[in-house]
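Enquirer: with the input below, show me the fold.
(one chain, ligands or ions: 1)
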Amino acid sequence: MARVVVIGAGVSGLSTAEFLSDDHDVVVLEAGPRIGGSITTDVHDGFVFNRGANGWLDDEPAVGRLLERLGLTPLKHLPGPRYVVKDQALVELPGGPGAFLTSPILPLMGRLRVFCEPFMPTGPNDESVAQYARRRVGQAALDGLVGPMVSGVWAGDPRALSVTAAFPKMKKMEREHGSIFGYMRANKGKTPAQLQSLPGGTGDLPDAIAQRVEVRTGVRVTGVTPGWTVETTEGSMQADAVVMAAPADAARQLLAPLDPELGGRLGAIPHAAVAVVSLGLPRGSWCPEGFGALVPRSEPLGVLGVLFTGSTWEGSCPDDGFGLRCILGGALNPMQAGLDPQELLAIAMRDVRTLLGDVPDPTVHQVVKHPRGIPQYTIGHLSREVGIREREDTWPGLFLVGSYLGGPAVKSCIANGERMADEVRAWLA
Ligand SMILES: Cc1cc2nc3c(=O)[nH]c(=O)nc-3n(C[C@H](O)[C@H](O)[C@H](O)COP(=O)(O)OP(=O)(O)OC[C@H]3O[C@@H](n4cnc5c(N)ncnc54)[C@H](O)[C@@H]3O)c2cc1C
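Expert: Now for the predicted structure:
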């Protein structure tokens, strides 16, 4: 049986390993003490704190196939409103065009401008999210709606991110339906993608894979040489194929000695630093309903968003408790994510009190910093991916997968892992 060494036990590497494991001898090497990478969960006094990803969308068939293989039943999020912050208060996101027209979410002229969207011209192949949004829905919607959404998904800067790479569906709406409204008309009645997780938090997913494939934690890969030899802190290993599933910067360090050009291309992908402050609080009349709130940059708040985990995930907190999760930092405020944990906690508490009123002190909390949290698919990203794939093709038996290629969302990492497993299998056949 051919031996495949996978470097990195995040969801990309673990999914690849799981989809390969039926007919290959697979071992996953993980530098850190635990598996999961950006998907790990801690439980403190009955509060489920996801250190990174909070869930994934259910519209990717590969996710269903993976969960089925693992015998896992997804946890659906509880129904409830979503909010955007305006003037330091929560404003519910309207459910349809009628409600949008009368909602205070944007100034009247901003709302009317959104309804001109079907008459706006199609843009160039690659442009920033800000250029796309300004043209299609206007400046007010960019500032009040699109900007917060970009923060929520990418912790990113709409002026830097490529709409084609970061929001391919938005570009497709314009190309295939002429407008966002045209797409909505064509898809009327269809249920939009829903967020899902697992009863014990997102970390249940890597844990379940690690029950089935061999994962060695605390083993840092220090080099790879064609043939393939994998050098690690625990000695060297031979492999028929190597799947590099470490983040872009770690992959750069390992591959630059072999292929400086590939190293340069991997190093050209910027990342946004983020911090996650999870709060376990006493339940009370202050507890909000719904999913959470995103914050436009014009608001005088520090957090990018607050998720109401206590009303999103059943069983995520004790009966007398309520969980909140604040995201800080991001591409527009990179220094903030590096602040001291106590300072991050203080900003989070100040902001949740501004938004939710008389919130008591947390009984338990956790601050997790992700210095290279989310890869930023800036303008030109798709060409950078092509450049990386070109170099990868010159090294038979070396395969690259990870959140910096083909989408950082958990569902994309799983889909790319499944595709990568097929590629490795085909190459080894
Ligand atoms: C705070 C945060 C919130 C997020 N929220 C969501 C969300 O709600 N929904 C969603 O869909 N996505 C979310 N994402 C994105 C998603 O979680 C990530 O893009 C995805 O988990 C990345 O998986 P990965 O396997 O590609 O990389 P990683 O998770 O980074 O895993 C790579 C692994 O490689 C290991 N490694 C590095 N170097 C070496 C080496 N030399 N030797 C061996 N191992 C090595 C690392 O230790 C790490 O464990 C979030 C991301 C962050 C940071």
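
Enquirer: I'd like to know which residues of the protein are adjacent to the ligand.
Expert: By C-beta under 6 Å from any ligand atom, the residues of the chain that approach the ligand are 7-13, 29-32, 37-39, 52-56, 220-221, 245-247, 250, 274, 276, 370, 373-374, 402-403, 408-410, 413. C-betas here are computed from N, CA, C, even on glycine.

Enquirer: list only buried entries from the residues you listed.
Expert: Neighbour counting by 16 or more other C-beta atoms under 10 Å classes 7-13, 29-31, 37-39, 52-56, 220-221, 245-247, 250, 274, 276, 370, 373-374, 402-403, 408-410, 413 among these as buried.

Enquirer: list the residues that contact residue 398.
Expert: 224, 226, 228, 241, 242, 244, 392 (C-beta atoms under 8 Å, 6 or more residues apart in numbering).

Enquirer: neighbours of the last one, how many?
Expert: One way to gauge burial is a neighbour count; for residue 392, by other C-beta atoms under 10 Å, it gives 18.

Enquirer: you'd agree it is up against residue 400?
Expert: Yes: the pair residue 392 / residue 400 is scored as a contact, 5.1 Å apart, by C-beta atoms under 8 Å.

Enquirer: okay, and the residue of the stretch 251-400 of the chain found nearest the ligand sits in which element?
Expert: For the stretch 251-400 of the chain and the ligand, the shortest gap (C-beta to the nearest ligand atom) falls at residue 373, measuring 3.7 Å. Per DSSP states H and E, residue 373 falls inside strand 364-375.

Enquirer: for that strand, which positions count as buried?
Expert: The neighbour-count criterion (16+ other C-beta under 10 Å) identifies 364, 365, 366, 367, 368, 369, 370, 373, 374, 375 as the buried residues of strand 364-375.

Enquirer: same question for stretch 96-106.
Expert: 100, 103, 105, 106.

Enquirer: does the last one sit in a helix, a strand or a coil?
Expert: This points to residue 106. coil (DSSP: H, G, I helix; E, B strand; the rest coil).

Enquirer: show me the shaky parts of the chain.
Expert: Counting by pLDDT under 70, not a single residue of the chain qualifies.

Enquirer: could you break it into its assigned domains?
Expert: Domain assignment for the chain by automatic domain parsing gives 3-37+60-73+199-269+378-428, 96-188.

Enquirer: point out the most buried one among those domains.
Expert: Mean neighbour count (mean count of other C-beta atoms under 10 Å) peaks for domain 3-37+60-73+199-269+378-428 among those, with a mean of 20.

Enquirer: quick check: end-to-end length of that one?
Expert: 10 Å (C-alpha to C-alpha, to the nearest Å).

Enquirer: from the buried ones among the residues of the chain next to the ligand, which land in strands?
Expert: The members of those that map onto strands under DSSP state E are 7, 29, 30, 56, 221, 274, 276, 370, 373, 374.

Enquirer: state the paired neighbours of the one helix or strand residue 242 maps to in the sheet, together with their directions.
Expert: Remark: residue 242 resides in strand 241-244, with elements defined by DSSP H and E. Looking at strand 241-244 with DSSP bridges, its partner strands are strand 3-7 (parallel), strand 398-400 (parallel).

Enquirer: want to throw those into TSV with distance to residue 355?
Expert: Formatted as TSV, the strands paired with strand 241-244 follow (distance: least, C-beta to C-beta, whole Å):
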stretch	distance to residue 355
strand 3-7	42
strand 398-400	41
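
Enquirer: so which of these comes closest to residue 140?
Expert: With C-beta to C-beta as the measure, strand 398-400 is the member of those nearest residue 140 (40.8 Å).

Enquirer: and that closest one, how far out from the chain's middle?
Expert: 22 Å (C-alpha atoms, centre = their mean, to the nearest Å).

Enquirer: how close does the residue of the stretch 251-400 of the chain closest to the ligand get to residue 16?
Expert: 22 Å (C-beta to C-beta, to the nearest Å).

Enquirer: and the strands in the stretch 101-250 of the chain?
Expert: Listed in chain order, the strands of the stretch 101-250 of the chain (DSSP state E, counting those that start in this stretch) span 195-197, 214-217, 221-225, 229-232, 235-238, 241-244.

Enquirer: now those strands in CSV, with distance to residue 258?
Expert: Formatted as CSV, the strands of the stretch 101-250 of the chain follow (distance: least, C-beta to C-beta, whole Å):
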stretch, distance to residue 258
strand 195-197, 38
strand 214-217, 23
strand 221-225, 7
strand 229-232, 11
strand 235-238, 15
strand 241-244, 11
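
Enquirer: closest one of the ones in strands among the buried ones among the residues of the chain next to the ligand to residue 421?
Expert: Of these, the one sitting nearest to residue 421 (C-beta to C-beta) turns out to be residue 7, at 15.0 Å.

Enquirer: the closest one contacts residue 219, doesn't it?
Expert: No: in this structure, residue 7 is not within contact of residue 219 by C-beta under 8 Å, at 9.5 Å.

Enquirer: overlap in contacts, those two.
Expert: Shared contacts of residue 7 and residue 219, defined by C-beta under 8 Å, 6+ apart, comprise residue 29.

Enquirer: tell me what the host helix or strand of residue 98 is packed against?
Expert: Secondary-structure assignment from DSSP H and E places residue 98 in helix 97-102. Judged by 3 or more C-beta pairs under 8 Å, 6 or more residues apart in numbering; DSSP states H and E, the packing partners of helix 97-102 are helix 108-114.

Enquirer: so how far is residue 14 from residue 210?
Expert: Distance of residue 210 to residue 14, computed by C-beta to C-beta: 7 Å.

Enquirer: quick one: common contacting residues for those two?
Expert: Shared contacts of residue 210 and residue 14, defined by C-beta under 8 Å, 6+ apart, comprise residue 35.

Enquirer: could you give the angle of the longest helix anywhere in the chain to strand 3-7?
Expert: Longest helix in the chain by number of residues, with DSSP state H as the criterion: helix 410-428. Interaxial angle, helix 410-428 versus strand 3-7 (axes from the mean of the first three to the mean of the last three C-alpha atoms, to 10 degrees): 150 degrees.

Enquirer: can you name every helix or strand that helix 410-428 contacts?
Expert: The helices and strands touching helix 410-428, judged by 3+ C-beta pairs under 8 Å, 6+ apart, are helix 11-20, strand 56-57, helix 61-70, strand 241-244, strand 398-400.
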